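**Q** only geometry, no sequence info:
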């Protein structure tokens, strides 16, 4: 086949897909003409070089990211409960400006007008607090060490808030900047002339040791703070300054006592201060390690020593983020939608964080937050699986399969070191929330071909998890496990949130069954084959809802589906009655068939927003966020209902999924300080948006399917780890044209309401024709519907 050269050079197709064979087919015959051979070689070579250059160029996508997204939050109402993170993807340490006092969960609040420090941070949720924290803060004129007194006023129009660079110019004229490396940061403080310049190091809460080395222009030491850490936990740090010290000393933040000229100190809340000449610009490089002071210095040497100045570090961090963001290139849509998308994609790639260093030979090793010992290999932490099993891990399985393989191995290692899976690590075991969702991660990885771990070991560990209650309670082991196995449900009484736990245990047992079945483990397949249907035992057909149940089998009296708490976790019966991810068909049958199921879904999104406080006895922030969403009882601000818009694809009305998903993406998300409809939760809410904006979502992790919704953009190109690309085109897409009229996968008519993981990773094209009117005949057949357990049993 001969292809005109102008077609090759001007094609709108993905340039990476044009094969060498295609080009050679064009040039072969001309090259046989002896007299023209050299000229044609030169011409074709230049064309191909230009073509490759164009293909290799990356767009500046960092410009769309606003790290202030979600920061206008507080205890009573969350628009994300985030902070303006300065860090690299899944970095060991992040940094952030600090507006609130030491120890407060909401470390940066958009409504504040002062900053009191620039912290090393690791916080994955304000409800969990932070660990391994210290901060630096500039000052001029008179030395002020107290966190309230040293706070400086600023305005948001003087802020730059990007993943690679946070900068602020304070009202007093000081400019402070931070850029990240993986295990530290590079800071720059520019002081106005004519007044003494200071930097104050605050050791945060608990113990801190500092040693000031004036000749080397360094401070070294460690901090030991955090709730879920071993007794011997320490974060060793090295700080190197570009300017000589005019004076120095130590202080402590309990009573504010200053020791001028003192070079070393140890104790609760110990800190240090340095004085520089007026008008100076000071660059600070800092690196930390949980292993040893020597490893902290090695991290410094590996990641910062070569960085000749702040701009070098800033640009390197920009390149790292821009490369990652360019792996999901969206086209079409508005600039505001792109800002929302890339701000969410940024947050989807922060947690779980790496918790390992590289030794002198470049091999990974780590201090374990579970047993307090140093081990070889990889470790990851800071994640609550109750939140993130739903979307954050399924997204990472697409973008980062190699990292996910390491992560799954580290899960089993953590279980061996602590006795249980770390279902919410921060960085050690906590037991916060409910469910045993580590098995969801493991099963989901296995079903998608990420098989770096021993499946039998995973099943053994899960069986231990499901038949024991851990020291921490909650998600540490299994509350009510004996009743769950013997009665088929967890009774309400001694165990709170019992129906929510029954539903999530049933899903987790499905994941174990799925892994056992896929790997030929008949023993565990048999054990969990019955338990995965236990969701049926908490469904009351008389009221047509999931409901709390007593130990004698009776239903909890005085039922009201809008009453929060009791048998449910941060929700009510309306919200939890859809929590059967693995068997939606079975749920449809319980509710009374497709017509009743669809009518109930319709009501869910449109009904009155009545609330009864129930066992919470007061309004909690999730209730207020549901009211602000104005979508009936649908509470997107919390995890249990985030899959519900996609359930119409299981019940013969996929066009309603398309409409509802687009309502959520357009009405509940943006890139501003009020950018989320609730807690962002370690990348979960951001990952929901990223997947949904691409047009897919993981309703049932533990299978290889992503359910099709309605994409936000006219085109999205996902560049995969294996060098291939998957393209999703939505022709005619707009804010009105939200319905899929027809679909083709790699040129073939496609009537399914889901796409498989292998379809994505093999590369290809999903092409949708969008319309402003629903196509009520496409995707309605039983064969078009996503996975349900009852369909295969």
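**A** Good, I have the coordinates. Given the structure is predicted, the values throughout are model-derived calculations rather than measurements.

**Q** switch to C-alpha atoms for all contacts and neighbour counts from now on
**A** Fine.

**Q** which element is residue 489 on?
**A** Assigned by DSSP states H and E, residue 489 falls within no helix or strand.

**Q** check contacts around it.
**A** 483, 499, 502, 534, 535, 537, 538 (CA atoms under 8 Å, 6 or more residues apart in numbering).

**Q** from those, which two are the most distant?
**A** 483 and 535 (13.7 Å; CA to CA).

**Q** Neighbour count for the two, which is higher?
**A** The neighbour count for residue 483 versus residue 535, taken as other CA atoms under 10 Å, is higher for residue 535 (26 against 13).

**Q** Mind giving me the packing neighbours of the longest helix anywhere in the chain?
**A** Across the chain, the longest stretch assigned as helix under DSSP state H is helix 498-519. If you count contacts as 3 or more CA pairs under 8 Å, 6 or more residues apart in numbering; DSSP states H and E, helix 498-519 packs onto helix 438-447, helix 455-466, helix 522-531.

**Q** what separates the second one from the chain centre, distance-wise?
**A** What that stands for is helix 455-466. Here helix 455-466 is found 25 Å from its chain centre; the criterion is CA atoms, centre = their mean, to the nearest Å.

**Q** now residue 408, what's its secondary structure?
**A** Using DSSP: H, G, I helix; E, B strand; the rest coil, the structure places residue 408 in helix.

**Q** ok, now which ones touch it?
**A** By CA under 8 Å, 6+ apart, the residues touching residue 408 are 441, 442, 445, 452, 453.

**Q** One more: residue 160?
**A** By CA under 8 Å, 6+ apart, the contact list for residue 160 reads 166, 167, 168.

**Q** my guess is it is in a strand, correct?
**A** Yes - per three-state DSSP, residue 160 lies within a strand segment.

**Q** Run through the bridge partners of it.
**A** residue 167 (DSSP bridges).

**Q** Also residue 228?
**A** Residue 228 forms beta bridges with residue 427, as assigned by DSSP bridges.

**Q** My read is that it contacts residue 430, right?
**A** Yes - using CA atoms under 8 Å, residue 228 is in contact with residue 430, at 6.3 Å.

**Q** Give me the more crowded residue out of those two.
**A** For residue 228 and residue 430, the more surrounded residue by other CA under 10 Å is residue 430, and the numbers stand at 22 against 19.

**Q** Quick check: phi and psi on that one?
**A** Dihedral angles of residue 430 (phi, psi; degrees, to the nearest 10) stand at phi -130, psi -40.

**Q** any idea how far residue 471 is from it?
**A** 9 Å (CA to CA, to the nearest Å).

**Q** Kindly report the same for residue 701.
**A** Separation of residue 701 from residue 471 (CA to CA) stands at 28 Å.

**Q** can you check residue 741 too?
**A** Taking CA to CA, one finds residue 741 at 53 Å from residue 471.

**Q** Those two: who's more crowded?
**A** Between residue 741 and residue 471, counting by other CA under 10 Å, residue 741 is the more crowded of the two (19 against 13).

**Q** does that one count as helix, strand or coil?
**A** When classified by three-state DSSP, residue 741 comes out as strand.
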